[in-house]
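[1] What would the 3D arrangement of this be:
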Amino acid sequence: MYVEIVPRPRRADKDKYGETKQRYQIMLTETASNELDKVSEQLGITRSELIEKTIRQGLLNQVKLDPSEMEDD
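    Alright, predicted model coming up:
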């Protein structure tokens, strides 16, 4: 079996979602950043596109927070 490795695109298609993407800064632990890299590499998409797809597919709604981990404002 022959598998061709195709490099993932450096940027997502412009206007793919009908709007222009903006640059945002987020902070992650090294563990979370490594996991983001690993999954995006497996899927052949950018980190940004992985985050975009996760949010748009409603997967963030599945995250359950432990009340003891909530910070007081």
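[2] Grab the nearest non-local neighbour of I51.
    Leaving aside its chain neighbours, I51 sits nearest to L36 (7.7 Å; criterion: Cβ to Cβ, 6 or more residues apart in numbering). Any C-beta I mention is one placed from the backbone N, CA and C, and that applies to glycine too.
[3] The one you found: what's it in contact with?
    L28, R47, L50, I51 (Cβ atoms under 8 Å, 6 or more residues apart in numbering).
[4] rerun at 10 Å
    Residues near L36 by Cβ atoms under 10 Å, 6 or more residues apart in numbering: L28, R47, S48, L50, I51, T54.
[5] Tell me which helix or strand it sits in.
    L36 is part of helix 30-43, with elements assigned from DSSP states H and E.
[6] Same check on K21?
    Under the criterion of DSSP H and E, K21 resides outside all helices and strands.
[7] do L65 as well
    With DSSP H and E as the criterion, the answer for L65 is that it lies in no helix or strand.
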